[in-house]
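Chemist: Give me the fold of what follows.
(chains A and B)
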Amino acid sequence: SQKIEQNSEALNIQEGKTATLTCNYTNYSPAYLQWYRQDPGRGPVFLLLIRENEKEKRKERLKVTFDTTLKQSLFHITASQPADSATYLCALVENYGQNFVFGPGTRLSVLP
Amino acid sequence: NAGVTQTPKFQVLKTGQSMTLQCAQDMNHEYMSWYRQDPGMGLRLIHYSVGAGITDQGEVPNGYNVSRSTTEDFPLRLLSAAPSQTSVYFCASSSLGGTYNEQFFGPGTRLTVL
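Modeler: This is a model prediction of the structure:
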């Protein structure tokens, strides 16, 4: 069966450390993978996209890797800040953007 | 640009009642979708549309209907509400064939069915 999982429901880290979130999938063939941030009571907001033929993407303090052999994406936030506290969702995208499948999310708390 | 708007923000229904959740976008996006979000289950796709007059089912379509008569609007109809449909509903839109195909989400509708 098809499944998409994120490493843990909640992750606590100390301010200034690097947060690493994991997204694993089975029985999908994504063209690309996206990461979103969701704050309480709000809709998700797009952060980054990485394509199947890309190994790594960066945007400011964010870094995403994609390993299609392991069927895994890692999402890193370096020099984390309390303002980074939110739920982070990964989404697989199949069929040229017509089929988005979201993971359950990881709630990140950055402690001052 | 208002982006993606949803109405209402909150709604309480009784079992068996029907209602329509409204969604509109002003970005001329071809793709629009409806998700429901339940604790621990992430976002699950209900229905989606790739253009006016074209709709298709997602992962959890039962109990919901959609139509797409214009590019801007994509209403979601609950035909006969059930307690299992208590959830937060998000509408989203994106441009097909773009570089990122990022989805823009509305603020959500929190629905409670008693």
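Chemist: Can you tell me the SS state at the closest residue to chain B within chain A?
Modeler: Chain A approaches chain B most closely through A:Gly43 (3.1 Å), counting by Cβ to the nearest Cβ. For the C-beta atoms, the positions are set from N, CA and C on the backbone; glycine is no exception. For A:Gly43, the secondary structure call by DSSP: H, G, I helix; E, B strand; the rest coil comes out as coil.
Chemist: so A:Arg107 makes contact with A:Ala10?
Modeler: Yes. Between A:Arg107 and A:Ala10 there is a contact at 4.6 Å, judged by Cβ atoms under 8 Å.
Chemist: Just list whatever residues bridge to B:Ser49.
Modeler: Counting by DSSP bridges, B:Ser49 is bridged to B:Met32.
Chemist: Tell me the pLDDT of it.
Modeler: Per-residue confidence (pLDDT) for B:Ser49: 95.
Chemist: ok so, going back, ok, so what distance separates the residue of chain A closest to chain B from B:Asn65?
Modeler: Using Cβ to Cβ, to the nearest Å, one gets 22 Å for the distance from A:Gly43 to B:Asn65.
Chemist: now A:Tyr32
Modeler: If you measure A:Tyr32 against B:Asn65 using Cβ to Cβ, the figure is 30 Å.
Chemist: what do you get for B:Gly51?
Modeler: From B:Gly51 over to B:Asn65 the distance is 18 Å, taken as Cβ to Cβ.
Chemist: Over to A:Ala83: give its phi and psi.
Modeler: Summarising the backbone geometry of A:Ala83 under the convention degrees, to the nearest 10, its torsions are phi -70, psi -10.
Chemist: how about the residues of chain B near chain A?
Modeler: For chain B, the residues found near chain A under the criterion Cβ under 8 Å from any Cβ of the partner chain are B:4, B:31, B:33, B:35, B:40-45, B:48, B:50, B:59, B:90, B:92, B:94, B:96-98, B:100-108.
Chemist: Those in strands, which ones?
Modeler: B:4, B:31, B:33, B:35, B:42-45, B:48, B:50, B:90, B:92, B:94, B:104-105 (DSSP state E).
Chemist: what about the residue in chain B that chain A sits nearest to, how many neighbours?
Modeler: When Cβ to the nearest Cβ is the measure, chain B has its nearest residue to chain A at B:Phe105, with 3.1 Å between them. A total of 24 residues lie near B:Phe105 under the criterion other Cβ atoms under 10 Å in any protein chain shown.
Chemist: Apart from its chain neighbours, what residue comes closest to it?
Modeler: In space, and not counting its chain neighbours, B:Phe105 is closest to A:Gly43: 3.1 Å by Cβ to Cβ, 6 or more residues apart in numbering or on different chains.
Chemist: Please apply the same query to B:Leu45.
Modeler: The shortest distance from B:Leu45 to any non-neighbouring residue, by Cβ to Cβ, 6+ apart, is to B:Gly58 (3.0 Å).
Chemist: I'd assumed B:Arg36 was in contact with the one you found.
Modeler: No. Between B:Gly58 and B:Arg36 there is no contact under Cβ under 8 Å: 9.7 Å.
Chemist: Whatever helix or strand A:Ile4 lives in pairs with which strands, parallel or anti?
Modeler: When elements are defined using DSSP states H and E, A:Ile4 is found to belong to strand A:3-6. Here the strand partners of strand A:3-6, with direction, are listed using DSSP bridges: strand A:19-26 (antiparallel).
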